[in-house]
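S.K.: take this sequence and fold it.
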Amino acid sequence: MLRNRRTISEIRWPETPEFVSEAEKLVANVPALLMGFVWRGYDLLVSEVTSKVSFFGRPEDVERDLSERLEIRIRRSMNGYEPFEIRHGVAERESRQPAPAQPPEYDLAFSLRTNERILWPIEAKFLASDEQVAEYTKAVQERFLTCYYSPFSREASMIGYLRSGEPQKVCARIGVGLGCTMTQSEDFPARPHQLSTHIRVVPDGKPYPSRFRCHHMIMPLTPTD
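M.R.: Numbering: from 1, shown residues only. Here you go, the predicted structure:
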């Protein structure tokens, strides 16, 4: 059987504690802090980019392009002294298959400065309407709930870039698709930001956290006021 050789990052950081626990040694309420940066980045994205663009027919490479624009604006919202940083197109080498296969790649991720292997992933999906959530729920089920994504973090985020429709309807349909209860984030009561909790399937012999919380952040691409 082919086995993976160790990567540079695995050699440099052989130990992989859980993201939230490790980050909260340095700052309080890490999930709210991270998601606050994302929402502030989103506000800038709408005012500077998406409110000036037509999404009729779906532009090419829309998820990657929007996530690149969002990463720039999340970074702008941070002061640079946080114990983590935002990154775009980050490889999750923990989940890689033997070469020449490429490791999976996150749309966005926060990484700890003290251990760059430990990531809080953010996966983004373009939602043409509030009825089209199948690809979104599939990503949660097949990637996050199998530990293929987010092996070292008990929480992670999904973004739904919503072209048209109502964010609350999106959240309701996501809950149905995942077969779970969706709850409003207490940290962001005025945002379309809901949470779901799950017990993940952890591969044999792996110390990944089994209890998992997903942040569902539905982001209309045009102003809603």
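S.K.: in a helix, R173, correct?
M.R.: Yes. Per DSSP: H, G, I helix; E, B strand; the rest coil, R173 lies within a helix segment.
S.K.: that one and Q141, how far apart?
M.R.: 14 Å (CB to CB, to the nearest Å). Every residue, glycine included, has its C-beta placed from N, CA and C.
S.K.: which SSE is immediately downstream of the helix or strand bottoming out on mean pLDDT in the chain?
M.R.: The element with the least model confidence among the helices and strands of the chain, by mean pLDDT, DSSP states H and E, is helix 8-12, at a mean of 91. Past helix 8-12, further along toward the C-terminus, the next helix or strand under DSSP states H and E is helix 19-23.
S.K.: and that following helix, what's its mean pLDDT?
M.R.: Per-residue pLDDT values over helix 19-23 give a mean of 96.
S.K.: could you give the average pLDDT over the very next helix or strand once past that helix?
M.R.: Using DSSP H and E, the next helix or strand after helix 19-23 towards the C-terminus is helix 30-48. On average, the pLDDT along helix 30-48 is 98.
S.K.: over to stretch 101-110?
M.R.: Regarding stretch 101-110, the rounded mean pLDDT is 94.
S.K.: using CSV, write out the CA atom coordinates for it.
M.R.: What follows is stretch 101-110 as a C-alpha-only set of coordinates in CSV (Å, rounded to 0.1, in the frame of the first residue of the first chain):
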residue,chain,number,x,y,z
ALA,A,101,-3.2,13.2,-6.1
GLN,A,102,-3.6,16.8,-4.9
PRO,A,103,-4.9,17.6,-1.4
PRO,A,104,-8.3,19.2,-1.0
GLU,A,105,-8.4,23.0,-1.0
TYR,A,106,-10.5,25.3,1.1
ASP,A,107,-12.0,28.4,-0.4
LEU,A,108,-10.9,30.3,2.7
ALA,A,109,-9.5,29.4,6.0
PHE,A,110,-8.1,31.0,9.2
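S.K.: list the buried ones in that stretch?
M.R.: Neighbour-count burial for stretch 101-110, counted by 16 or more other CB atoms under 10 Å, picks out P104, Y106, D107, L108, A109, F110.
S.K.: wait, is the third one part of a strand?
M.R.: By that I understand D107. Yes. D107 sits within a strand when classified using three-state DSSP.
S.K.: before we move on, back to that, okay, R173 and Q141: which has more neighbours?
M.R.: Between R173 and Q141, counted using other CB atoms under 10 Å, the more crowded position is R173 (20 against 14).
S.K.: could you list the low-pLDDT ranges of this protein?
M.R.: Counting by pLDDT under 70, the ranges of the chain that qualify are 1-3, 224-225.
S.K.: so which residue is dead centre in it?
M.R.: When the chain is reduced to its mean C-alpha position, the nearest residue by CA atoms, centre = their mean turns out to be I122, at 1.4 Å.
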